[in-house]
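Visitor: just a sequence and a predicted model for now, questions to come.
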Amino acid sequence: MAKFAKWIGLGLGWAVGGPIGGILGLALGSMFDSGSTATGTSRERIYQSNTRRGDYAASLLVLVAAVMKADGRVMKSELDYVKNYFNTRFGYDTAQEAVVMLRDILKQEIPIREVTAQLNQRLDYSYRLEMVHFLYGIAAADAGISDSEMKLIRQIAGFMNITASDIDSLQAMFVSASDASYKILEIEPSATDEELKKAYRRMAMKYHPDKVAHLGEDFKKVAQEKFRKVKDAYDSIKKDRGIQ
């Protein structure tokens with residue numbers, strides 16, 4: 001199999017341009033210059049593809065590299081988390097190649113503001129929200145999110161125009177705190193029972209898998225994870241309050 005050939009089939013379009021394309025240059029260059037099956041026809045498929053799956057996957061690797069470098073160390077648990085994620089959503093071969101590409105990207109400086117500006121132009125809110133969700137997951141993969149990782153993820157989310165309440169909600173899904181369940185539902189502990197019920201209905205609707213069904217099964221699975229955490233948070237508060 002040609003090196004990175006699976007990424008051609010996955011579909012890359014705008015991600016090979018702009019700052020993201022510059023960062024991916026070494027990996028993509030290896031694919032094009034390997035003297036293998038990356039022919040003119042293959043290149044045409046990359047640049048003319050209408051799918052965003054490849055663009056999303058490649059862009060995510062760039063952000064992942066930035067977060068993995070934030071605390072000055074790259075853990076095997078983090079690499080395994082990335083591999084498992086890509087394996088589940090894009091297949092085994094693509095996952096293997098993703099790790100190889102990630103190792104190249106980790107060697108480079110990543111201009112966060114420029115990268116996120118490109119993502120804002122190309123990806124809708126649902127895609128960007130999933131990216132932030134994954135970044136918290138990768139940071140938590142080594143048994144804890146460091147202050148430097150936390151700061152960087154919040155900075156990335158802010159640059160991608162994720163609302164402060166959504167950032168707090170996603171963070172609470174991975175960081176233990178006495179009020180985590182309330183933060184997941186985007187309410188204060190002082191909220192009334194009626195406000196609690198309304199918050200749950202609102203968040204359940206926001207993260208319901210059917211809301212992102214048009215984006216494909218990959219996003220639907222992630223939505224199911226967030227939907228489950230919202231329900232768990234609601235059930236936890238109800239139990240504490242003695243609500244039936």
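Guide: Structure received. Numbering: from 1, shown residues only.

Visitor: so which helix or strand of the protein has the lowest pLDDT on average?
Guide: helix 40-48 (a mean of 38; mean pLDDT, DSSP states H and E).

Visitor: next helix or strand past that one?
Guide: Per DSSP states H and E, the first helix or strand lying C-terminal to helix 40-48 is helix 53-70.

Visitor: now the next helix or strand after that next one: buried residues?
Guide: Downstream of helix 53-70, the first helix or strand assigned by DSSP H and E is helix 76-90. Neighbour counts over helix 76-90 (16 or more other Cβ atoms under 10 Å) mark 78-79, 81-83, 85-86, 89-90 as buried. Bear in mind the C-beta positions are built from the backbone N, C-alpha and C, glycine included.

Visitor: immediately after helix 76-90, which helix or strand?
Guide: According to DSSP H and E, the helix or strand after helix 76-90 is helix 92-105.

Visitor: run through who's touching the following helix or strand past that next one.
Guide: Proceeding C-terminally, helix 92-105 gives way to helix 112-122 as the next helix or strand, assigned by DSSP H and E. If you take Cβ atoms under 8 Å, 6 or more residues apart in numbering as the criterion, helix 112-122 is touched by 14, 18-20, 23, 52, 55, 59, 62-63, 66, 127-128, 131, 152, 155-156, 159-161.

Visitor: could you rerun that using 10 Å?
Guide: 13-15, 17-23, 52, 55-56, 59-60, 62-63, 66, 111, 127-128, 131, 152, 155-161 (Cβ atoms under 10 Å, 6 or more residues apart in numbering).

Visitor: could you give the angle of it to helix 53-70?
Guide: With axes from the mean of the first three to the mean of the last three Cα atoms, to 10 degrees defining the directions, helix 112-122 sits at 160 degrees from helix 53-70.

Visitor: I figured K211 hits M203, correct?
Guide: No - look at K211 against M203 with Cβ atoms under 10 Å: they stay out of range, at 11.4 Å.

Visitor: neighbour count for the two, which is higher?
Guide: M203 (22 against 15; other Cβ atoms under 10 Å).

Visitor: grab the nearest non-local neighbour of that one.
Guide: Nearest residue to M203, sequence neighbours excluded (Cβ to Cβ, 6 or more residues apart in numbering): V230, at 4.7 Å.

Visitor: tell me what the helix or strand containing the one you found is packed against?
Guide: In the assignment (DSSP H and E), V230 maps to helix 217-241. Contacts defined by 3 or more Cβ pairs under 10 Å, 6 or more residues apart in numbering; DSSP states H and E place helix 217-241 against helix 53-70, helix 76-90, helix 125-140, helix 164-172, helix 180-184, helix 193-206.

Visitor: would you format these as JSON lines with mean pLDDT and distance to V99 included?
Guide: JSON lines is the format used below for those (pLDDT from 0 to 100; distance: least, Cβ to Cβ, whole Å):
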{"stretch": "helix 53-70", "mean pLDDT": "88", "distance to V99": "9"}
{"stretch": "helix 76-90", "mean pLDDT": "86", "distance to V99": "5"}
{"stretch": "helix 125-140", "mean pLDDT": "89", "distance to V99": "13"}
{"stretch": "helix 164-172", "mean pLDDT": "94", "distance to V99": "24"}
{"stretch": "helix 180-184", "mean pLDDT": "94", "distance to V99": "31"}
{"stretch": "helix 193-206", "mean pLDDT": "92", "distance to V99": "32"}
